[in-house]
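Colleague: Dropping the sequence and predicted coords here.
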Amino acid sequence: DTAVSQTPKYLVTQMGNDKSIKCEQNLGHDTMYWYKQDSKKFLKIMFSYNNKELIINETVPNRFSPKSPDKAHLNLHINSLELGDSAVYFCASSLLTPYTGELFFGEGSRLTVL
Amino acid sequence: KNQVEQSPQSLIILEGKNCTLQCNYTVSPFSNLRWYKQDTGRGPVSLTIMTFSENTKSNGRYTATLDADTKQSSLHITASQLSDSASYICVVSARGYQKVTFGIGTKLQVIP
């Protein structure tokens, strides 16, 4: 039983296209996140939602728009894709806010923009 | 500025040998420190958590230490196995902040 699942696992697309990545957690956690892992393997927070409300919004281009229809789902939509968007995107969840809670990560979605 | 630095960046060891990974941080006020293991192509998984009052904690062949005075942590792996090949990421939380601070990780390769 997958705790945090995200789809698709791989995504190859052309510059300028719009794409979405979906994430679902069945752990009953209140907080969900999107992280970006670049080619240097550094994990960087993009967004965080707590009970469907946005609580962290890092300096991310507004081409990236998260949506949380309920506390078990957090989707990421990306408009007008650019080459620099190529990375692995990880969804994560935690029972509490990060400074107390363990982060549970999905398997990642590898986005390649050509 | 909150920062987490890890060393070495990469490490190759023979199967069966021990190794120690280092993490130095400037995060303040300190809440806790976690070590995550990230296998290639997978998401990170928490190995252990260290709070302010804890000096040592073990999880099987993994032993984490914390020196809150010098703001240093280490992860010691005993009798390494091929399955230990992964990136090990140090993550530090500050009290009262929503975000955690990630290190860039140490890439460990265990060879036969």
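Modeller: Yep, it's here. Numbers count the residues shown, from 1 in each chain, chains lettered A, B, ... in the order given.

Colleague: Identify the residue of chain A closest to chain B, quick one.
Modeller: A:Phe105 (3.1 Å; C-beta to the nearest C-beta). Quick note: C-beta positions are derived from backbone N, CA and C, even for glycine.

Colleague: partners of the helix or strand of chain A with the lowest mean pLDDT in the sheet?
Modeller: When the helices and strands of chain A are compared on mean pLDDT, DSSP states H and E, strand A:53-57 comes out lowest with a mean of 84. Strand A:53-57 has its sheet partners listed here by DSSP bridges as strand A:43-50 (antiparallel).

Colleague: related to what we said a few turns ago, would you confirm that the residue of chain A closest to chain B contacts A:Ala92?
Modeller: Yes - the criterion here is C-beta atoms under 8 Å, and A:Phe105 meets it with A:Ala92 at 4.6 Å.

Colleague: The two: who's more crowded?
Modeller: A:Ala92 (26 against 23; other C-beta atoms under 10 Å in any protein chain shown).

Colleague: Give the bridge partners for the more buried one, please.
Modeller: Bridge pairing for A:Ala92 - DSSP bridges - gives A:Tyr33, A:Phe105.

Colleague: show me the contacts for it.
Modeller: Residues counted as contacts of A:Ala92 (C-beta atoms under 8 Å, 6 or more residues apart in numbering or on different chains) are A:Val4, A:Met32, A:Tyr33, A:Trp34, A:Tyr35, A:Leu103, A:Phe104, A:Phe105, A:Gly106, B:Gly43.

Colleague: and the residue in chain B that chain A sits nearest to, what helix or strand is that in?
Modeller: With C-beta to the nearest C-beta, the shortest gap between chain B and chain A falls at B:Gly43, namely 3.1 Å. Using DSSP states H and E, B:Gly43 maps to neither a helix nor a strand.

Colleague: could you measure A:Leu74 against A:Ser39, distance?
Modeller: According to C-beta to C-beta, to the nearest Å, A:Leu74 and A:Ser39 sit 24 Å apart.

Colleague: Looking at the two, which one has more neighbours?
Modeller: Of the pair A:Leu74 and A:Ser39, A:Leu74 is the one with more neighbours under other C-beta under 10 Å, namely 28 against 8.

Colleague: What parts of chain B come near chain A?
Modeller: B:31-32, B:34, B:36, B:41-46, B:49, B:87, B:89, B:91, B:93-100, B:102, B:104-105, B:107 (C-beta under 8 Å from any C-beta of the partner chain).
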